[in-house]
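Participant: Starting from these lines, generate the structure:
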Amino acid sequence: MGIKLVCYGVRDTEVEFFHKLNKYGYELKLVNTGLNHENVKEAIGAEAIMVRGNCMADRQNLELLAKSGLKYVLTRTVGFDHVDLEAVKELGLKSARVPGYSPNAIGELAVSHAMMLLRHTAYAVERTKNKNFIVDAEMFSKEIRNCTVGIIGAGKIGLTTAKLFKGLGARVIAFDVFQSDAAKEVVEFVSQEELIKTSDVISVHMPYIKDVNYHFINKEFISNMKEGAILLNTARGELQDLDAILEGLESGKVGGFGTDVLEGEKRFFFKDLNGQELEDPTVEKLVNMYPKVLITPHIGSYTDEALTNMISISYDNMNEYLTENTCKNAIA
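Facilitator: Okay, the predicted model is just below:
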């Protein structure tokens, strides 16, 4: 096609995938950092850009690029709150997203967090790293097959996570306003109240909807949890009130917390802040509660399969626009 496509936020490990999957022959320019007000100049003259979450596809950048020929804004993510849709429409641009990618990528991370917290492996390895090989009371644990795992949000990702936990022998229950037939074959649907009250492990897989479920995990949620239960969030940072979770951890109500997301996470994620005090005191305290708290920097989709899905679908979206002037995954 010969169209110039500038892709932002491309890590070194991803470069090979971008080239290998380029079956349409786009003229690629890969930029290591996420789109910001400085590196926007890398895309001047390009007809299309591809961004990821935490990129600044805001009015300032889009206006600048539109003046030099930008027509398409692709995001290789499911969520698109980092793309200014009003500006996209006003500038006559076209934009599309990736409606979904490997649910196993997120599910496997949730299970990894759960098992590390349940079996206290991070705690044990932290001690052996310091050559302390004594087995103490903290290392004693339940087996997952003797636990009830509660899945909040039983869509593709939640259902895949449920299957993984079930494969380990756990009893898996779920809450969702929409109960699919596929999910009914795997989980036992219960009320939200019952799930929170009876689960030994709670894993959240719901989308964030502004003005609907902001800080869904709050003081009341935590007060209703089973004593010492493990809480996991690999969905969206806006779903959790970190102050309430911190309080729950400090009181022992929450036995362990694993998260791949934080509200306002671009303040921290993808930066090396070693030796610095974080600007958010709550996040600072949570980081220091390791190994009771496990924080990963939004790596849920950082797998070979998920990356392949995200790039391939984005390339297909571009091709659809070029050949049909429309796209089934359009967001604007």
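Participant: pretty sure N32 contacts T13?
Facilitator: No: with contact defined as C-beta atoms under 8 Å, N32 does not reach T13; the gap is 11.1 Å. Glycine gets a C-beta too; all of them are placed from N, C-alpha and C.
Participant: And the strands in this structure?
Facilitator: 4-8, 27-31, 48-51, 72-75, 94-96, 148-152, 171-175, 188-189, 201-204, 229-233, 254-259, 293-295 (DSSP state E).
Participant: want to throw these into a markdown table with mean neighbour count?
Facilitator: Shown next, in a markdown table, are those (neighbours: other C-beta atoms under 10 Å):
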| stretch | mean neighbour count |
| --- | --- |
| strand 4-8 | 23 |
| strand 27-31 | 16 |
| strand 48-51 | 28 |
| strand 72-75 | 26 |
| strand 94-96 | 24 |
| strand 148-152 | 27 |
| strand 171-175 | 23 |
| strand 188-189 | 14 |
| strand 201-204 | 28 |
| strand 229-233 | 26 |
| strand 254-259 | 24 |
| strand 293-295 | 20 |
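Participant: wait, which of these is closest to E279?
Facilitator: For E279, the closest of the strands of the chain is strand 293-295, at 15.4 Å, according to C-beta to C-beta.
Participant: Can you give the strand pairings for that closest one, parallel or anti for each?
Facilitator: strand 254-259 (parallel) (DSSP bridges).
Participant: mean confidence score for the strand it pairs with?
Facilitator: Average pLDDT, strand 254-259: 98.
Participant: Check stretch 85-99 too.
Facilitator: On average, stretch 85-99 scores 97.
Participant: can you tell me the distance between the two ends of that stretch?
Facilitator: The straight-line separation of the ends of stretch 85-99 (C-alpha to C-alpha, to the nearest Å) is 17 Å.
Participant: Give me the residues contacting that stretch.
Facilitator: 58-59, 62-63, 66, 70-80, 83, 309-310, 313-314, 317-318, 320-321, 327, 329-332 (C-beta atoms under 8 Å, 6 or more residues apart in numbering).
Participant: Tell me the buried residues in it?
Facilitator: By neighbour count with 16 or more other C-beta atoms under 10 Å, stretch 85-99 contains the buried residues 87-88, 91, 93-98.
Participant: Quick check on the contacts of stretch 85-99: which are buried?
Facilitator: Applying 16+ other C-beta under 10 Å to these flags 58, 62, 66, 70-77, 80, 83, 309-310, 313-314, 317-318, 320-321, 327, 329, 331-332 as buried.
Participant: Just the ones of those residues in helices?
Facilitator: Judged by DSSP state H, those include 62, 66, 309-310, 313-314, 317-318, 320-321 as members of helices.
Participant: Mind picking the two most distant members of the residues you listed?
Facilitator: A66 and N309 (28.7 Å).
Participant: tell me the contacts of the closest residue to I157 other than its chain neighbours?
Facilitator: Nearest residue to I157, sequence neighbours excluded (C-beta to C-beta, 6 or more residues apart in numbering): P103, at 4.3 Å. Going by C-beta under 8 Å, 6+ apart, P103 touches 156-157, 159-161.
Participant: For ChimeraX, what selects the buried ones among the residues you listed?
Facilitator: Here is the ChimeraX command that selects the buried residues among the contacts of P103 (16+ other C-beta under 10 Å):
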select :156,157,159,160,161
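Participant: so which of the contacts of P103 would you say is closest to N36?
Facilitator: Using C-beta to C-beta, those come closest to N36 at I157, 29.0 Å.
Participant: is it true that the closest one touches I106?
Facilitator: Yes: taking contacts as C-beta under 8 Å, I157 lies within contact range of I106: 4.8 Å.
Participant: can you list residues touching both of these two?
Facilitator: 205, 234.
Participant: Hmm, S314 and L21 touching each other?
Facilitator: No: between L21 and S314 no contact is recorded; they are 9.3 Å apart, counting by C-beta under 8 Å.
Participant: Give me the distance between G169 and A110.
Facilitator: Remark: distance between G169 and A110 (C-beta to C-beta, to the nearest Å) = 16 Å.
Participant: My error: substitute I49 in the last question.
Facilitator: 31 Å.
Participant: swap in Y302?
Facilitator: Where A110 is concerned, Y302 sits at a distance of 14 Å (C-beta to C-beta).
Participant: Please apply the same query to E193.
Facilitator: From E193 to A110 the distance is 22 Å (C-beta to C-beta).
Participant: In terms of neighbours, single out the busier of these two.
Facilitator: A110 (28 against 10; other C-beta atoms under 10 Å).
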